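Peer 1: here is the input, now give the coordinates:
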Amino acid sequence: MSKKGRVLMAMSGGIDSSVSAMLLHEEGYEVVGITMKTWDYASSGTSKKETGCCSLDSINDAREIAVKKGFPHFILDIRSEFGDSVIDNFVNEYMAGRTPNPCVMCNTHIKWDALYKRAEMLECDYIATGHYAKVRNENGRYVISRGEDPTKDQSYVLWGLPQELLSKTLFPVGGFRKTEIREMARKMGFEELANKNESYEICFIPDNNYRDFLKTRIPELDERLKGGKFVDTEGGILGEHRGYPFYTIGQRKGLEIALGVPMYVTKIEPDTNTVVLGSFEDLQKQEMWVRDVNLIKFESLNNGIEAITKIRYKDPGTISTISQHDNLVKVVFHKPVNAVAPGQSAVFYDGDDVIGGGFIINNN
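Peer 2: Next up is the predicted model:
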């Protein structure tokens, strides 16, 4: 056993997790690689070539790194768990008129739990991933903070991790920029890996067409959603749409309705199959509520604290006051924000540190 300890390294076959594994190996950790098979592309109903973390090529790429560096590698089939939690949630959220966060669900409810269970079975001291984030112990709590590279920071999708799992987690690339990681791969003799393209797709929707995916999962969907109405903010009928699940808050393009002025989706009403359209000003909100909150940096929010709140992955964040009300958190923005979408994650920051996060439940 290494003095540094034994690490179960989640390896997708991509550059970040591969370099993470090699960094840990060079630092003296005993590395055990594991690649999780979360999705079968044949089930997606697409003809697109397999790419990303679930493809056979990616699994082989991960195994090749392990073989060359001399540490063991395993494949873990979690398709059943993934489908039950992530895909069912994805479909149910759209059918409820909300915009889901599949990567958050996957990280917090599937991947880390699966890693933790296998780490215990394999007598590993830590689990590690290739996420661009950092974790440290401060005042008895394990705190996630932004990765060194602001263009790659992934702290937003990790807000749901509990303290028990964070205490065992390592993020080897969190202190580096992407350009540095590519250069490391070259110096380690993996030129092809250094030039490998990244995948930004949802793994179970490789063609990025979630509407077709919903139809595949619910074959009678088109029939059920016939006759849905676009209305204005006063309830006046503007025209017909294709079905409320096919729209998201803030959407302007692809509405297929000409009104003479730019109009945006401001509200979705699944019970009546209605999509409300309004002006850009109608999208502006200054308050929201958040459910299923997981606090990371602090045990509680006391009477309210100031924080930077992000309402989507690429959102730079807005200064706000957040306060706890039983199992919910109220967010009051210091200036209006655009397109608050129920179902998306709201993540609260204290500087670079993640205070916590949860799911947006309304956009009123």
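Peer 1: and the pLDDT for residue 202?
Peer 2: As predicted, residue 202 sits at a pLDDT of 79.
Peer 1: then residue 347?
Peer 2: With respect to pLDDT, residue 347 has a value of 98.
Peer 1: next: residue 156.
Peer 2: So residue 156 comes in at 97 (pLDDT).
Peer 1: helix, strand, or coil at it?
Peer 2: helix (DSSP: H, G, I helix; E, B strand; the rest coil).
Peer 1: that one contacts residue 347, doesn't it?
Peer 2: Yes - with contact defined as Cβ atoms under 8 Å, residue 156 and residue 347 form a contacting pair (5.1 Å). Quick note: C-beta positions are derived from backbone N, CA and C, even for glycine.
Peer 1: I figured residue 319 hits residue 310, correct?
Peer 2: No - contact criterion Cβ under 8 Å: residue 319 and residue 310 do not qualify, at 11.5 Å.
Peer 1: more neighbours, the two?
Peer 2: residue 310 (23 against 11; other Cβ atoms under 10 Å).
Peer 1: pLDDT wise, what is the more buried one at?
Peer 2: 98.
Peer 1: how far away is residue 315 from residue 259?
Peer 2: With the distance defined as Cβ to Cβ, to the nearest Å, residue 315 ends up 27 Å from residue 259.
Peer 1: what do you get for residue 209?
Peer 2: Counting by Cβ to Cβ, the gap from residue 209 to residue 259 is 25 Å.
Peer 1: need the overlap of contacts for residue 156 and residue 347.
Peer 2: 310, 357 (Cβ atoms under 8 Å, 6 or more residues apart in numbering).
Peer 1: show me what counts as buried in stretch 144-161.
Peer 2: 144-149, 152-161 (16 or more other Cβ atoms under 10 Å).
Peer 1: repeat that for stretch 320-329.
Peer 2: 320, 322, 324, 329.
Peer 1: who's in contact with that stretch?
Peer 2: By Cβ under 8 Å, 6+ apart, stretch 320-329 touches 289-293, 300-309, 330-334, 346, 348, 355, 358, 361.
Peer 1: at 10 Å what do you get?
Peer 2: 286-293, 295, 300-309, 311, 330-335, 337, 346, 348, 355-358, 361 (Cβ atoms under 10 Å, 6 or more residues apart in numbering).
Peer 1: state the mean pLDDT of that stretch.
Peer 2: 93.
Peer 1: send me that stretch as PDB with only the CA atoms.
Peer 2: C-alpha atoms of stretch 320-329 as PDB (Å, rounded to 0.1, in the frame of the first residue of the first chain):
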ATOM      1  CA  SER A 320     -28.100  38.400  -3.800                       C
ATOM      2  CA  THR A 321     -29.300  37.800  -0.300                       C
ATOM      3  CA  ILE A 322     -30.100  34.200   0.600                       C
ATOM      4  CA  SER A 323     -32.100  33.100   3.600                       C
ATOM      5  CA  GLN A 324     -33.300  29.800   4.900                       C
ATOM      6  CA  HIS A 325     -37.000  29.100   5.400                       C
ATOM      7  CA  ASP A 326     -37.500  25.500   6.700                       C
ATOM      8  CA  ASN A 327     -36.500  23.300   3.800                       C
ATOM      9  CA  LEU A 328     -36.400  26.100   1.200                       C
ATOM     10  CA  VAL A 329     -34.100  29.000   0.500                       C
END
